[in-house]
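Participant: just the structure for this:
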Amino acid sequence: MEPLFINNLKQTKDVYLEMNKAYFSASRIAYQIAVPVIYGFLACFLIFYYGSYFSGAVIAAFGILLFFYPLIKLHRIANKREKVFVELYGSTPEGQTLFYDDCLVSTNSADKSEVKIEYGKIIKVKQSKNLYLLIMKQKLVIMVDKNKFEKGNCEEFEQFIKTKAVNAKIKI
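Facilitator: Okay, the predicted model is just below:
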């Protein structure tokens, strides 16, 4: 059977960073709004109610550090993942995803693995600047690079995945 779409993906640090930012966007944004509000309120309370400028400044500084923590963590995860792949395989792995009429098949060049997934198992489809994320249960994510379609293109793929992943929440 001939695949309807073929997509290639090089699993670099930048790709993992973009994937994690898109995957965790809602929780990261909520965290980055809540932390400054809470710590700002505590700092103002300490400064204006108790007159404790030092404690207020320490709390404000801690709040600022916590504000940037999610971004720092995402960068560390992406760096670590790339280092592991380079150590194990000598380079960052490349993958290819073939989209057939009834399923998709994703392969990895590093360990020669192959995964066959039915479209009904996709529970969410998200997109970022350069990626589509096909998300399944257990936090399994298939990344599709918008710029690396060997067969097909982004517009056709969006229509295709909307018709095939009928159980998924699609945010395209």
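Participant: what sits up against stretch 146-163?
Facilitator: 3-9, 96, 99, 119, 122, 125, 127, 130-132, 134, 144, 170, 172 (CB atoms under 8 Å, 6 or more residues apart in numbering). (Glycine included, C-beta is placed from N, CA and C.)
Participant: buried stuff in it?
Facilitator: When neighbours are counted by 16 or more other CB atoms under 10 Å, the buried residues of stretch 146-163 are found to be 146, 149, 157, 160-161.
Participant: let's see which of those end up in strands.
Facilitator: In this view, these that belong to strands under DSSP state E are F149.
Participant: of the contacts of stretch 146-163, buried ones?
Facilitator: 3-5, 7, 9, 96, 99, 119, 122, 125, 127, 130-132, 134, 144.
Participant: quick revisit: which two among the buried residues of stretch 146-163 are spaced furthest apart?
Facilitator: Using CB to CB, these reach their maximum pairwise distance at K146 and F160, which is 13.6 Å.
Participant: so which of the buried ones among the contacts of stretch 146-163 is the closest to Y69?
Facilitator: Y69 lies nearest to L131 out of the buried ones among the contacts of stretch 146-163, by CB to CB, at 23.6 Å.
Participant: what pairs with the closest one across the strands?
Facilitator: Under DSSP bridges, the beta-bridge partners of L131 are D145.
Participant: check contacts around it.
Facilitator: So L131 contacts 15, 18-19, 22, 143-146 (CB under 8 Å, 6+ apart).
Participant: just the helices in the chain please.
Facilitator: Secondary structure of the chain by DSSP state H: the helices cover 13-23, 25-44, 53-89, 154-164.
Participant: for the residue nearest to N8 when sequence neighbours are not counted, give its distance to I59.
Facilitator: Of all residues not flanking N8 in the chain, K148 sits nearest, at 4.5 Å (CB to CB, 6 or more residues apart in numbering). Applying CB to CB, to the nearest Å, the value for K148 to I59 is 46 Å.
Participant: same thing with I29?
Facilitator: Computed as CB to CB, the I29 to I59 distance reads 22 Å.
Participant: over to G95?
Facilitator: The gap separating G95 from I59 is 45 Å, by CB to CB.
Participant: coming back round to it: more neighbours: I29 and I59, which one.
Facilitator: I59 (21 against 11; other CB atoms under 10 Å).
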